[in-house]
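**Q** Fold the stuff below for me.
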Amino acid sequence: TAAMEMELKDLKQVAAAPTPAADVAPASDTPQPRNKRVALIRHGQGWHNRSWRKGGGAWLANILITADVTLTPHGQDQARALSEAVASREDNPLREVECVAVSPLSRTIETATLAFAWGEGALKFALNPLCAERCLSTCDRGTKKSELVKRWPHIEQWDGFEAMPEVWWPAESSFLAELNPQHRIAAFLRWLADRPERTLAVVSHAGFINCMVGQRLGNCEVLWCELSVGEDQALQLQPLRE
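**A** Below is the predicted model:
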């Protein structure tokens, strides 16, 4: 009948019509897998790392009184040795690094500068306060940005310097929050994932690295890891097997 033909025509038109935007499932905000290789590197020996037997009262002062401690001569030699090891071998995996993320504490800036001297001019460096050491002692407090650049003028050319606030370390964070700073770790992993590079190095600290991957590194030790998306869709950083 004419009525039935009209109904069929209407149904066909509805089926052919585009789905309203409100009915379309939104794009997923879940991070997509994009595995990256990350070399975690602890800074060279700092004055706060010397043993009580070798440092005596000065060692204790460098932990409890002196802010933003620097490298010892031995720590500088450790960083130079790492650079020489990379420069002497074309198959060293650190040669694949495209960007070096650096904690803005002086001991990590100095380590990154010395350890990656072999790649001067070819490597990108990026300062990131998120990977600074857990702020538990005076030695872990930073130097204000305006003073830090006077000590290390070249960092003004590094990514992230301009965006750093004057007081960039977690000065207001509680002791408990810094004891296991998972809030900073999650933000830092997201920052790494959002970077365009596929292979990165991170020059950071024993405590922060240990909280990230459960391993405590020696001074200037290198640990290769893989950054990936886990089954729970959270970013995870896992050490690679030798």
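**Q** Would you mind writing the CA trace of stretch 163-177 as PDB?
**A** In PDB, the C-alpha atoms belonging to stretch 163-177 read as follows (Å, rounded to 0.1, in the frame of the first residue of the first chain):
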ATOM      1  CA  ALA A 163      59.900  27.700  31.600                       C
ATOM      2  CA  MET A 164      61.600  26.900  35.000                       C
ATOM      3  CA  PRO A 165      60.300  29.000  37.900                       C
ATOM      4  CA  GLU A 166      62.800  30.800  40.100                       C
ATOM      5  CA  VAL A 167      62.300  28.300  42.900                       C
ATOM      6  CA  TRP A 168      62.000  25.100  40.900                       C
ATOM      7  CA  TRP A 169      62.600  22.300  43.400                       C
ATOM      8  CA  PRO A 170      59.700  20.900  45.500                       C
ATOM      9  CA  ALA A 171      60.200  23.300  48.400                       C
ATOM     10  CA  GLU A 172      56.600  23.000  49.600                       C
ATOM     11  CA  SER A 173      56.300  19.300  49.200                       C
ATOM     12  CA  SER A 174      56.000  17.300  52.500                       C
ATOM     13  CA  PHE A 175      58.600  14.800  53.700                       C
ATOM     14  CA  LEU A 176      56.100  11.900  53.200                       C
ATOM     15  CA  ALA A 177      55.300  13.000  49.700                       C
END
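**Q** Tell me how far it lies from the chain's centre.
**A** Here stretch 163-177 is found 16 Å from its chain centre; the criterion is Cα atoms, centre = their mean, to the nearest Å.
**Q** List the buried residues in it.
**A** Using 16 or more other Cβ atoms under 10 Å as the test for burial, stretch 163-177 gives 164, 168, 169, 170, 173. In this view, the C-beta of every residue, glycine as well, is placed from N, C-alpha and C.
**Q** From residue 129, how far off is residue 203?
**A** Distance, residue 203 to residue 129, by Cβ to Cβ, to the nearest Å: 13 Å.
**Q** For stretch 87-103, list every residue counted as buried.
**A** Within stretch 87-103, the residues that qualify as buried are 94, 97, 98, 99, 100, 101, 102, 103, counting by 16+ other Cβ under 10 Å.
**Q** Please save the CA atoms from that stretch in CSV.
**A** Extracted in CSV, the C-alpha atoms of stretch 87-103 (Å, rounded to 0.1, in the frame of the first residue of the first chain):
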residue,chain,number,x,y,z
ALA,A,87,83.5,8.2,22.3
SER,A,88,85.8,5.2,22.0
ARG,A,89,83.2,2.8,20.8
GLU,A,90,80.9,3.3,17.9
ASP,A,91,78.6,0.6,19.1
ASN,A,92,78.0,2.1,22.5
PRO,A,93,74.2,2.4,22.8
LEU,A,94,74.5,5.9,24.4
ARG,A,95,75.4,7.1,20.9
GLU,A,96,71.8,6.5,19.9
VAL,A,97,70.5,9.1,22.5
GLU,A,98,68.7,12.0,20.9
CYS,A,99,67.9,14.0,24.0
VAL,A,100,69.4,14.1,27.5
ALA,A,101,66.9,15.0,30.3
VAL,A,102,68.7,16.6,33.3
SER,A,103,67.7,17.3,36.8
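**Q** if we can go back for a sec, could the buried residues of stretch 87-103 be laid out in a markdown table, adding distance to residue 186?
**A** Formatted as a markdown table, the buried residues of stretch 87-103 follow (distance: Cβ to Cβ, whole Å):
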| residue | distance to residue 186 |
| --- | --- |
| 94 | 26 |
| 97 | 23 |
| 98 | 23 |
| 99 | 20 |
| 100 | 21 |
| 101 | 15 |
| 102 | 19 |
| 103 | 17 |
